[in-house]
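1. Need coordinates for the below:
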Amino acid sequence: MPNTLAFLTQQMELAGELLAGRGHMFEPQDLPGRFGRVIKAVDHLLEVVGGQAVLGGGWAVWRHGFHGRMTQDVDIVLAADRVDEFMRAASVSGFEILPQPPGRWPKLLHKATDIKVDILPEGQRPGTAAHPAPTTLGHPLTMGASGAGLRYITLPSLIELKLAAGRARDEADVAELIRANPQNVAAIRGHLATVHGDYVIAFDQLVQRAQDQRDE
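-> Here you go, the predicted model:
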C-alpha cells in the first residue's frame, strides 16, 4: 500500500488506538476498526467449517509485547483438513480468493475492509525455496487454538514459526520478543528443543544479540 497522506494518517490513528488499548486488547476480536471486523468475519467462517485457527504474524508479535509492530495483513494457521472448505465458504461470505502462484499458500481478500488474509496450512513447510525450514506447520490446537473463535498463537509457537521462516525481518521480531519477555526465555528454549535443534541454536544467538543490545 502506498505511503499516501491518508494511509499515514490512518496508521498514526491505528497506532494511537493500539497504544491506548494494549492493556485490555487480549483477544484478536478486540482489535480496533477494520481489523476487528475481519477477525469477526474469520470467526464466522471457522464456525461454519467447524475448525480452529490461531492468529500469527505481525498481530501476534504486537500481542506478545513488541508494541511498535503493526501490519496490514492477517495471518492464520489453519488445520489441513479445513483449508478447502474454509476457502469455499470464504468465497461466498465476503472474501475474494486471490491468485495463488505455484508453491505459494492460499490468500484471501476481505472485500469490506480491503485486508488480506494469509492462510498458513498445517503440514506445509515454511522458509524459502533456497532455505526451507527443517519442520512443517503443526495443527493449530498445538499452538493455542481453542473453541471456534480465532485465538492468538502462543509465544513459543510464534517464535518457532518466526525461526522457521528464517528471514531477517522475522529474526528482528524474535529479538524484540526476547527483550519484551525475558522471563519466558527458558520456557521458549525448552519448547524449541522439542521441535528442532536448529531452532535452539538460532534462538540462543538471538538471545545473545538481545543481551548485547541491552548492554550497549
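2. Counting residues, what is the longest helix that the protein contains?
-> When the chain is parsed with DSSP state H, its longest helix is helix 197-215.
3. Okay, buried residues for that helix please.
-> Buried residues in helix 197-215, counted by 16 or more other C-beta atoms under 10 Å: 199-200, 202-203, 206-207, 209-210. Yep, even glycine has a C-beta here, placed from its N, CA and C like the rest.
4. Then stretch 149-169?
-> Buried residues in stretch 149-169, counting neighbours by 16+ other C-beta under 10 Å, are found at 149-166.
5. how many neighbours does the nearest residue to Gly103 once chain neighbours are set aside have?
-> Spatial nearest neighbour of Gly103, excluding adjacent residues (C-beta to C-beta, 6 or more residues apart in numbering): Ala129 at 7.1 Å. Here the number of neighbours of Ala129 (other C-beta atoms under 10 Å) works out to 6.
6. Quick check, pLDDT for Ala129.
-> Note on Ala129: pLDDT of 85.
7. How about the secondary structure of it?
-> The three-state label given to Ala129 by DSSP: H, G, I helix; E, B strand; the rest coil is coil.
8. Correct me if wrong: it contacts Gly166.
-> No - using C-beta atoms under 8 Å, Ala129 is not in contact with Gly166, being 11.7 Å away.
9. Need the pLDDT of the residue nearest in space to the middle of the chain.
-> By C-alpha atoms, centre = their mean, the chain has its centre lying nearest to Gly56, at 1.6 Å. At Gly56, the predicted lDDT confidence score is 96.
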